[in-house]
Structures are given as C-alpha cells and as structure tokens.
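Trainee: output the structure for:
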Amino acid sequence: MKRDRLFGYRIAAESVDGCLDQVIAWLEGGERRRYFSCANPHSLVVADGDPEFRRALLDADLLVPDGVGILIGSRILGGTIREVVTGSDIFSGLSRRLDRARERRYSYFFLGASEETLRDISARLPRDYPGIRLAGVYSPPFKAEFSAEDSRRMIEVVNGARPDVLWVGMTAPKQEKWIHKNRELLDVKFIGAIGAVFDFYTGKVKRSHPVFQKLGLEWLPRLCREPRRLWRRNFVSSPVFLARAIRERLGQCW
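Mentor: Now for the predicted structure:
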C-alpha cells in the first residue's frame, strides 16, 4: 500500500477503504501478528522523547494518519496524505466488513478498559455485528506499568481464546509499547491499538459530530469537553509538530 515518510515514520497515504483492504488481505492471507496504530501530532511529539514508543510506531505494520495535523504536515513536506483515518474508522469499517463475511465467522478479543466498559461491549457487539464472534474480554490492572506477571496473564487469556483480531484499549503510549513488547507471544492474526475507541463504541464518550470530523475539527468539541486532559496535545504538541515540519521543509529548500 502507498505510504509517506513523515519524520521517519511510514504513514499510510490511503483512504479508509484502502487501509481496510490491507487489513482484510492480511486476515484472509493467514498473516500473523500484524499490528496497527494511529499517528497524530501529539503521539509523534511524545515519541521524540520516548525511544520505546518511537520504536513501537516505527515497527507498526499499519500506521494511519489520525488527525488533520498529519495532513497539514504532509502537505508542508510535499507528501500525499489527504485523508484522516482514525482508530474508530478502522474498528467500525473492519467490523462491518467482517460481519458480512459470515461464512468465515471472524472473532474479536477486547483487552483493556474497565469491567463496566467491557460488559457494555459484550452486550452490544452481538447486536451490531452478529457475524462476528466475541472470543473474550479482559480488563488488566489499572497501573502505570504492567509487571511480568500481569503481562503473562494477559497473554495467557488472549491466547486461550484464540481470536482472529485483538483490540487493545489502554491509551497511548502504554498500549503501543505493550503490544510491541509482547506481539511475538500473541497467537492472533491482527492487533489494533485503538485507545478511546472502546469508550466511543459503548457511548461512554461521544465522538464529535460528523460535520466536525469532515472539517478536520474533531478535536475541537473534545477539547471543550475535556480541556484539562487535552489542552497540552492541542496547544503544545500540535504547534511543536507543525514547527518541526516547517523547519524540515525550509531545510529541503536550502
């Protein structure tokens, strides 16, 4: 698939459908442990100071442009990324496609979030996507860093359920670093780091109106709802990211 290099990262320069085509090809081709994550200005700025997180993003099989800032950065640097692709887009789009492939009956496992959120997912998924089998759910301990025993238990539960797709929702960069460290031990075909999508899917947190999404302003209503949590990524990370893109462009010109 077509990708652009942005600060060393290979980011998909495809539509949502193009990204989904790649995931379906991996699933149908019997690939193992393919891993996808999202790139946005905040995550790339954070990764500059976190080598483990940076390596997890660099090694992702599919890194999607999750934010209008990535599109702007790509344009500044002469790239071809023209469409935002979010974790929600991948989750909902893949679910619709796999739901139609009922003769194969693909299966999901959800790792992360609270017991309450996982109960809501367990109740909703069979109604929304009856063609997908729910292999299992697991809520890991809420802590800044997992112990070796925590990870061993998580891997054991996932592998015991033998899902085709593992969705991980622990927030970035925790989820990406955990997947990168443990992916070779996971007996799954595809792994998706989708963070807040667990809460979006259950309705616990509402996504911005589609109008804001189309305008590239999905971040604005969320910032208004959660200013204390999101101000840094919008007013610190985004300017740092764009300034870096401009400096790199000027360097190309000279």
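
Trainee: adjacent strands (with direction) for the helix or strand where residue 11 lies?
Mentor: Per DSSP states H and E: residue 11 is located in strand 9-12. Using DSSP bridges, strand 9-12 pairs in its sheet with strand 3-6 (antiparallel).

Trainee: before we move on, the earlier item: and the strand holding residue 11, how far from the chain's centre?
Mentor: Centroid separation for strand 9-12 versus its chain: 13 Å, with CA atoms, centre = their mean, to the nearest Å.

Trainee: what ranges do the helices span in the protein?
Mentor: In the chain, the helices defined using DSSP state H lie at 16-28, 41-48, 51-58, 68-76, 87-100, 115-128, 148-161, 174-182, 197-202, 210-214, 219-225, 227-232, 238-253.

Trainee: now render those as TSV, adding mean pLDDT.
Mentor: TSV is the format used below for these (pLDDT from 0 to 100):
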stretch	mean pLDDT
helix 16-28	97
helix 41-48	95
helix 51-58	98
helix 68-76	95
helix 87-100	97
helix 115-128	98
helix 148-161	98
helix 174-182	97
helix 197-202	94
helix 210-214	57
helix 219-225	52
helix 227-232	54
helix 238-253	85
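
Trainee: which of the ones you listed sits closest to residue 35?
Mentor: Closest approach to residue 35 among these is made by helix 174-182 (5.8 Å; CB to CB). Using the backbone N, CA and C atoms, a C-beta is placed for each residue, glycine as well.

Trainee: what does the closest one rub up against?
Mentor: For helix 174-182, contacts defined as CB atoms under 8 Å, 6 or more residues apart in numbering pick out 35, 37, 52-53, 55-57, 59-60, 112, 144, 146, 151, 154-155, 168-170, 191, 193, 195.

Trainee: buried stuff in it?
Mentor: 174-180, 182 (16 or more other CB atoms under 10 Å).

Trainee: cool, stretch 30-50 as well?
Mentor: Buried residues in stretch 30-50, counted by 16+ other CB under 10 Å: 33-47, 50.

Trainee: what do you get for stretch 140-154?
Mentor: Buried residues in stretch 140-154 (16+ other CB under 10 Å): 140, 146, 154.

Trainee: can you show me the CA trace of it as CSV?
Mentor: Provided in CSV are the C-alpha atoms of stretch 140-154 (Å, rounded to 0.1, in the frame of the first residue of the first chain):
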residue,chain,number,x,y,z
PRO,A,140,-6.0,-5.7,33.1
PRO,A,141,-4.9,-4.0,36.3
PHE,A,142,-5.0,-0.2,36.2
LYS,A,143,-1.4,0.8,36.8
ALA,A,144,1.2,2.9,35.0
GLU,A,145,3.3,-0.1,34.1
PHE,A,146,2.5,-3.8,34.0
SER,A,147,4.6,-6.4,35.8
ALA,A,148,5.9,-9.5,34.1
GLU,A,149,3.1,-11.5,35.8
ASP,A,150,0.4,-9.0,34.6
SER,A,151,1.6,-9.4,31.0
ARG,A,152,1.9,-13.2,31.4
ARG,A,153,-1.7,-13.4,32.5
MET,A,154,-2.9,-11.1,29.7
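
Trainee: what sits up against that stretch?
Mentor: Surrounding stretch 140-154, the residues in contact under the criterion CB under 8 Å, 6+ apart are 111-112, 138, 170, 174, 178, 181-182.

Trainee: please identify which pair of these lies farthest apart.
Mentor: The span of these, defined through CB to CB, is set by 138 and 181 at 17.1 Å.

Trainee: quick one on the thing from earlier: put the alpha carbons of the strand holding residue 11 into CSV.
Mentor: Extracted in CSV, the C-alpha atoms of strand 9-12 (Å, rounded to 0.1, in the frame of the first residue of the first chain):
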residue,chain,number,x,y,z
TYR,A,9,7.5,7.2,10.2
ARG,A,10,5.9,5.3,7.3
ILE,A,11,2.3,6.6,7.4
ALA,A,12,-0.5,5.3,5.2
